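Chemist: predicted structure and sequence below. I'll ask about it afterward.
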Amino acid sequence: MLRPAPMKKIAVIGLKRNQSKTLEVLHDLGVLQIEPLSKETASLVKNEVDSDALKKVSDELLRVRSLKSALTPKGGLQRRKFSSLDELLQVSRSIDIDQKVKTLLKSKEEIYSKLYELENTERVVKELSFLNTDLSVLNLKTASSFFGKIEKDKFSQFSSLVSSTLPQAVVYSSGEDFVSFVVIVPKSSLETFGSILQKLNLKLESLPPLSGTPEAILEDVRKKKQELEGALKQVESELENLSQKYYAVLSSVEEQLSIELRKLDVMNNLGYTENVFVLEGWAPLSSLERLKRALQAKTQNTTFVYELETHEEPPTLLDNPKRFKLFESFVRFYSLPQAHEVDPTLIYSIVFPIFFGAMLGDVGYGVAILLISLWIIRRMKNRGGHTIVPKFIRNFAKTIFKPTAWEKLARAMIPGSIIAIALGFLFNEYFGFRLNQYLFSYLNHTFGLSLPSSGAFLDPASSFGLKKLLLISGYIGLSLVSLGLVLGALNAYWERNKKHFIGKIGWLSIAISISLLGLALLHRQPFNPAQNPSLTGYIAGIVLGLAFVYFGEGANAIIELPSIVSHILSYTRIVGILLASVILAEVIDTIFLGATHGGPAALLFGVIVLLFGQLFNLVIGLFEPGVQGARLLYVEFFSKFFRGNGRPFRPFGGRRKHTIGELEEAEV
């Protein structure tokens, strides 16, 4: 749980005739990351690449995907088993609908193009209804006709300029506030006409050839649209029939062709003799027996798995309980652990929500963030539909994170917001208002309890509460820094690195001894070993720790001594951020309450300050505790043990949806 899954490098050796079936089993298991052969093995075998099969599968996959993209999902889910590559290619090539689909798509495109032209003509002709004449008069060989619609004032400027500059031009117009007009310009004057349009910043439409009155043209357009829409329905019906007949089998063929292409690609890493093939790779130790059994069963005991001894760095497969897997993304964001070091996911998943809730520390903000998180999760599960969030905010959110990342972030904030609610109750903070005292007064009076009359079990804004919280944050800092050093020592122990182990123990001794010495000084204990013998132990711990660090990490490492102290003290920012939020909320509430004693204008001002102020503090509460909580873990905690830069485990394989694999065949 505190380490990635143990990995083992293995070699798989089998008969060449069972190579395809072996790769199919490995694909369906999805537990082996196939690697290039080691130098020792590569020197004993040869490499074979079936470039002809690779080209055939690639070309066929491209064709099938093109056909599938032209059709619509129909026919339901039909899973299919392909016994060989030859059978797969035969089934794929039997789907001989390429020319028919191409013809139908071309017809569909032509119909849409004609419909667009007709709709454009219909729109223009409707605007020209004020010309109660045969519009063929506008089809002139020596002149061009243009249409426009502009405000009355601008039309007056345009008309004046045209009449003064182009006396040969003819303008027909209609309308009051907005004027629709047609202007006929001699072709020899088009350049001058263009200058007028540019001067007035106008854009006009060139009229297409028209024949007949507006009413007759519109009737003709309506009939042609009906004919085209009928033809479009016929084309779509034929495409629907093809989809119903072929889409399911195309899906199966596409999926199996994709698998075959992956198998052919991975063959570059295989080695061959005359009758045998060999491959090497990494697999989780927990999956080895299942892998061996599956290969033996599917190849009649002719394929063998051998475990290899190697000093290579294995790939990393994080292995955490399901409820904590969410936080693996936050660890990966920093860096992926190496295969032989501590995986801090479990610690992060426990500590981060505590930090988030402690820095928020308010019932109102905690409830608000909890509801926002639940809403985000709901929206991500049911995308689409109506939303109250403005489009520009949605687009901005997409530039920060992908939708899946927002869902993970929302889920991570739920435990933190619950902790914030619990601590907010202890602190008596409800958007900065104090409410517990009313409840506690009733409970004390009714049931004889002894709950604090102030309503707060611990008030962050009071001198006593602040000191307590600062002390607690210091203890948290010491605990986490010490835990980080212990984990660093544990990494060194696993790696058999004695010097590094001793260095980490030295830093641990220094951190604890300096903290105890600081606490002694805070409690004003005498700084005299004769009067206070424990001081001798603290100083001895520091000196011994320095000696261990010098031995384990060298003299240069000692210059990092101030950073140990600063990292412990850095955790006091938890209290600083909490206090800033509490004080800001109380200032906002004080302004609001003061405004309630004034007139309507003062009350309105107070309500505005309350709403926008609390919204501002809520936004800060959403981001600041998250950023600072993550920073405390990434910088002050991870730096004590975490190296990162692990190589991710990428197994050969993928999920099947439309095909049946070797491992499912018996079940089916």
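Modeler: Right, received. Where do you want to start? Numbers count the residues shown, from 1 in each chain.
Chemist: residue ranges with poor pLDDT in the protein?
Modeler: Along the chain, the parts satisfying pLDDT under 70 run over 1, 383-390, 392-394, 396-398, 400-401, 529-531, 665-668.
Chemist: what do you get if the cut-off is 50, keeping everything else the same?
Modeler: 666-668 (pLDDT under 50).
Chemist: same for the helix ranked longest in it, what does it pack against?
Modeler: When the chain is parsed with DSSP state H, its longest helix is helix 214-266. The contact analysis (3 or more Cβ pairs under 8 Å, 6 or more residues apart in numbering; DSSP states H and E) places helix 214-266 against helix 19-29, helix 51-70, helix 85-94, helix 98-127. From N, CA and C alone the C-beta is placed, and that goes for glycine too.
Chemist: tell me the most buried of those helices?
Modeler: Each of those was assessed for mean neighbour count using mean count of other Cβ atoms under 10 Å. The highest is helix 19-29, with a mean of 22.
Chemist: contacts made by it with the rest, please.
Modeler: 12, 14, 32, 34, 84-85, 259, 262-263, 266-267, 270, 277, 287, 290-291, 294-295, 298-299, 303, 652-654, 656, 661-664 (Cβ atoms under 8 Å, 6 or more residues apart in numbering).
Chemist: 7 Å - rerun?
Modeler: 12, 14, 32, 259, 262-263, 266, 277, 291, 294-295, 298-299, 303, 652-654, 661-663 (Cβ atoms under 7 Å, 6 or more residues apart in numbering).
Chemist: domains in this protein, by residue range?
Modeler: 7-97+234-307, 114-224, 325-640 (the TED database).
Chemist: switch the ones you listed over to JSON lines; also include distance to residue 104.
Modeler: Below are these laid out as JSON lines (distance: least, Cβ to Cβ, whole Å):
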{"stretch": "domain 7-97+234-307", "distance to residue 104": "5"}
{"stretch": "domain 114-224", "distance to residue 104": "16"}
{"stretch": "domain 325-640", "distance to residue 104": "29"}
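Chemist: check contacts around the closest residue to residue 64 other than its chain neighbours.
Modeler: Distances taken as Cβ to Cβ, 6 or more residues apart in numbering put residue 254 closest to residue 64, at 4.9 Å, once the chain neighbours are dropped. The contact partners of residue 254, by Cβ under 7 Å, 6+ apart, come to 61, 64-65, 68.
Chemist: and the gap between residue 254 and residue 95?
Modeler: 11 Å (Cβ to Cβ, to the nearest Å).
Chemist: repeat that for residue 423.
Modeler: Applying Cβ to Cβ to residue 423 and residue 95 gives a distance of 64 Å.
Chemist: look at these two and report which has more neighbours.
Modeler: The neighbour comparison of residue 423 against residue 95 (other Cβ atoms under 10 Å) goes to residue 423, with 23 against 16.
Chemist: which helix or strand contains that one?
Modeler: helix 403-427 (DSSP states H and E).
Chemist: what distance do you get for residue 267 to residue 51?
Modeler: 10 Å.
Chemist: which residues of the stretch 451-600 of the chain fall in helices?
Modeler: 463-494, 498-522, 534-553, 561-570, 573-595, 600-631 (DSSP state H, counting those that start in this stretch).
Chemist: mind checking those helices for the one nearest to residue 399?
Modeler: helix 600-631 (15.6 Å; Cβ to Cβ).
Chemist: list the helices and strands the closest one packs on?
Modeler: helix 345-360, helix 363-381, helix 573-595 (3 or more Cβ pairs under 7 Å, 6 or more residues apart in numbering; DSSP states H and E).
Chemist: that helix versus helix 561-570: what angle between them?
Modeler: Orientation of helix 600-631 against helix 561-570 (axes from the mean of the first three to the mean of the last three Cα atoms, to 10 degrees) gives an angle of 140 degrees.
Chemist: after helix 600-631, next one along is what?
Modeler: Immediately after helix 600-631, counting by DSSP H and E, sits helix 662-665.
Chemist: counting by contacts, list what that next one packs against.
Modeler: helix 19-29.
Chemist: distance from the chain centre to the helix it packs on, please.
Modeler: 32 Å (Cα atoms, centre = their mean, to the nearest Å).
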